[in-house]
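S.K.: from the sequence below, what's the structure:
(2 chains)
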Amino acid sequence: MGTHSGPANHTHVEGRRLIRTEKLGFQATGTDAPLLEDISLHIRTGERVGIIGPSGSGKTTLGLHLAGLHRVVLLGHTSGRLWLNGRDCTQNGCEGFSGVVLQNPEIQLFGETVEEEVSLSLRQRTGNVDGERELNRSLDLFGLGAVRDQAVNTLSLGWKQRLSVASMLALDPKVLLLDEPTSFLDEATANFLFDVLAAQAEQTGVTVVLIEHDLHRLRPWASRLVAMQRGRIVFDGLPESYSRPSRLFRKTADAVGSGRSVSGGERVLTIERVSFGYNGCQAALENVSLSVAAAEIVAVVGPNGSGKSTLLNLVKGLLEPQNGQITCAGPTPLMDAVGLVFQNPDSQLFAHSVFEECSFLPSNQNLSPNEVSSRTLQALAQVGLQSQAERVPFSLSYGEKRRLTLASTLSGRSTVLCLDEPTVGLDGDCLCQIVEILRQVSAEGVTVLLATHDSDFVKAVATRVVTLRAGRIVGDTARQGGVA
Amino acid sequence: MTAAWWTKLHPLTRLVLFLTVCLHAALGQEFVPQLLLFGGLLVLLFACRVAGSHYRLLIWAHVLGLPGTILFFVAIGYENTHVGSQALSWGLVEGARYALRLECLFLANLVFISITSTREIISLFSHRWMPTAAGTLLSTAVRFVPLSLTEARRIYDIQRCRGLRLRPWAPRSWLPIIVPLFVAQMCRAHDTSVMLVVRRMVPGNRATPARKLGSVDWLVLGLALVICIQSLL
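M.R.: Next comes the predicted model:
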């Protein structure tokens, strides 16, 4: 993973004290264990605070308190004391104090065009604001000047996220909270955002609180790092003093290819001169050809809008190529031969038990009940969820839900397994589990095709890397014994 | 790019027109005017070029559900009369009337949502006399249909990958779509409300853009008032 070139000034920021917490705690309504415990922090203006920790460690809950949005967003009891800008906001919250950027930019934008979106924020500002000058400054800062008249819904996710950050900063907040803002972004866009945020913190004194799983990305950016574990702060200091290795691919560091070679394996997936465009317009994929062998783990990488997800949807058969063809060994049509795991588990979970959820695909394949049951149990065992078979899927943790969605596709025994951004929202330990599962699946002869932005993950699992840019393959590299 | 014709109407006029059509559809008893209204709305929906594939899917789902609705009315007719022919004629007429009313309400909602942006809806509810919570709730609620449609399409694709086969006569087969859709909408409604608060786009905010009613707006509003009174009488 490359690092961004922005300010990496890790000296202590000498700003005015903006946020102060004393023994802050939070317990959500209807739960026994507190989500936050004994949090004492002092944050100054202009600080760039990175919050890191595993899923469920309380990062977002803490972030919402620091942004003064706990009374708006969270349901439960806040204990201890919280001062924002000198005001006691423990029980009152402090609306208008902060801006928030969430993971998914889709829900954060309200305007019709880029210009209107930023103007909408500028209009909410108090005091004398030179609207036109501020608008141009905001647009230029985020490189949005060229698309200022473009409709928001035609932008790629990367541009939408830039726009949502620009809109938030246009509100002139004292604190900007960003909750995993780069999950859907390619590396270049993510680095660009980090650079702009660092520069803004320095120039305008806005305090930036950034929640991330990826320490590798946070370390060079943050002026201060706060590590959380089970609702408590376990580290608070300069990022370089934090010793935990980046993203914890402990078990996997040595294992790319694991000494196994897939050279000369049987070709199971052939994509021949495939082109595709949405609504018959601009080509999302153009003349793409790719041949994949059995047991290969192919990572499809590239910037936002390069056609990665479109390629997976075409391979799965959700979309029809406008030119060219896709053939796959095994059962036809593609819909039966290829399994596709989507990003968000909540978009597919519906059953009342983990077992039923996992058995949905095989039960739609006209198999005998015994076969369905056997496949389901095997898939659950593969992902380590066999002991959770009777649980309600919605009660699982995020990492467990992701493994369940993987199991519910594995139970279909596809020849090719496709995964769209399998690492989004996962912490290091969950990622290790996913890496191990994919290796195991590949060892059983299943071909894996995954679209991802996560270069650490690619290094850990892929035997081949295919790079897409503007709908074309611009790179195809084998890694340690793989084929290209 | 020339502005669409409906943008010349004030959002308030569009909302009043929408409510008038709803009132007329809900209270109207005459079959022919209802049919004309339905046809008009259908034409309008496609003329606006806003009917995406997921809209069409939903319209077809409604159309395919019509025989079931009519059959339901025939069954009610049979329970009341115990005479097959009478039940059939009563059920056909009442079922069609009911289905038409439902479709008019549905189409009117689609048209309104398609031609009115979130920003306009928010500005519409931005008045000092309206409580903050009510304005935010309304803004979120009005966006519910189009967002649900997009989400439903996405979830349908995901479940199709898992071998889902929808059977209109088997409600259980719709669960893999309905349950995740419900969960997704709850999350989205929550997130949207939070963003509205964070972006300070709440009613009563001095900075919310205002737009005055034009002469065409007053004309249309007057017409809408006449239709409303006629429907109520």
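S.K.: distance check, B:Phe31 against B:Cys104.
M.R.: The gap separating B:Phe31 from B:Cys104 is 12 Å, by Cβ to Cβ, to the nearest Å. Just so you know, the C-beta spots here come from the backbone N, C-alpha and C atoms, and that holds for glycine as well.
S.K.: check contacts around the residue nearest to B:Trp174 when sequence neighbours are not counted.
M.R.: If the residues on either side of it in the chain are set aside, B:Trp174 comes closest to B:Leu166, at 6.5 Å by Cβ to Cβ, 6 or more residues apart in numbering or on different chains. Taking Cβ atoms under 8 Å, 6 or more residues apart in numbering or on different chains as the definition of contact, the neighbours of B:Leu166 are B:Tyr156, B:Ser173, B:Trp174, B:Ile177.
S.K.: how about those residues in a markdown table, adding pLDDT and secondary structure?
M.R.: Converted to a markdown table, the contacts of B:Leu166 look like this (pLDDT from 0 to 100; DSSP: H, G, I helix; E, B strand; the rest coil):
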| residue | pLDDT | secondary structure |
| --- | --- | --- |
| B:Tyr156 | 90 | helix |
| B:Ser173 | 84 | helix |
| B:Trp174 | 86 | helix |
| B:Ile177 | 89 | helix |
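S.K.: can you show me the helices along the stretch 1-150 of chain A?
M.R.: If DSSP state H, counting those that start in this stretch is used as the criterion, the helices of the stretch 1-150 of chain A fall at A:59-66, A:70-73, A:114-124, A:131-141.
S.K.: count of neighbours near residue 219?
M.R.: Defaulting to chain A. Look at A:Arg219: counted by other Cβ atoms under 10 Å in any protein chain shown, it has 20 neighbours.
S.K.: can you look at chain B instead?
M.R.: The tally of other residues near B:Leu219 (other Cβ under 10 Å) stands at 11.
S.K.: can you tell me which helix or strand it belongs to?
M.R.: Using DSSP states H and E, B:Leu219 falls within helix B:215-232.
S.K.: okay, buried residues for that helix please.
M.R.: Residues B:Asp217, B:Val220, B:Leu221, B:Ala224, B:Cys228, B:Ser231 are the ones in helix B:215-232 that count as buried (16 or more other Cβ atoms under 10 Å in any protein chain shown).
S.K.: which residues touch the residue nearest to the second one when sequence neighbours are not counted?
M.R.: Closest residue to B:Val220 apart from its sequence neighbours, by Cβ to Cβ, 6+ apart: B:Thr13 at 5.1 Å. With Cβ under 8 Å, 6+ apart as the criterion, the residues that contact B:Thr13 are B:Leu213, B:Val216, B:Asp217, B:Val220, B:Leu221, B:Ala224.
S.K.: repeat that for 6 Å
M.R.: Residues touching B:Thr13, when contacts are defined by Cβ atoms under 6 Å, 6 or more residues apart in numbering or on different chains, comprise B:Asp217, B:Val220, B:Leu221.
S.K.: same question for A:Asn313.
M.R.: Contacts here follow Cβ under 6 Å, 6+ apart; on that basis A:Asn313 touches A:Leu319.
S.K.: is it fair to say it lies in a strand?
M.R.: No - the assignment for A:Asn313 by DSSP: H, G, I helix; E, B strand; the rest coil gives helix, which leaves it out of any strand.
S.K.: that one and A:Lys401, how far apart?
M.R.: Following Cβ to Cβ, the distance that separates A:Asn313 from A:Lys401 is 22 Å.
S.K.: same thing with A:Asp140?
M.R.: Using Cβ to Cβ, A:Asp140 is found at 41 Å from A:Lys401.
S.K.: I figured A:Val49 hits A:Leu225, correct?
M.R.: No - counting by Cβ atoms under 6 Å, A:Leu225 is not a contact partner of A:Val49; they are 7.7 Å apart.
S.K.: out of the two, which sits in the busier spot?
M.R.: More neighbours sit around A:Val49 than around the other of A:Val49 and A:Leu225, counting by other Cβ under 10 Å; the figures are 26 against 23.
S.K.: so who does that one touch?
M.R.: With contact set as Cβ under 6 Å, 6+ apart, A:Val49 has these partners: A:Val209, A:Arg224.
S.K.: mind checking pLDDT for it?
M.R.: We have a pLDDT of 94 for A:Val49.
S.K.: what of the one 4 residues further on?
M.R.: According to the model's per-residue confidence, A:Gly53 sits at a pLDDT of 86.
S.K.: for A:Ser353, same thing?
M.R.: For A:Ser353, pLDDT reads 92.
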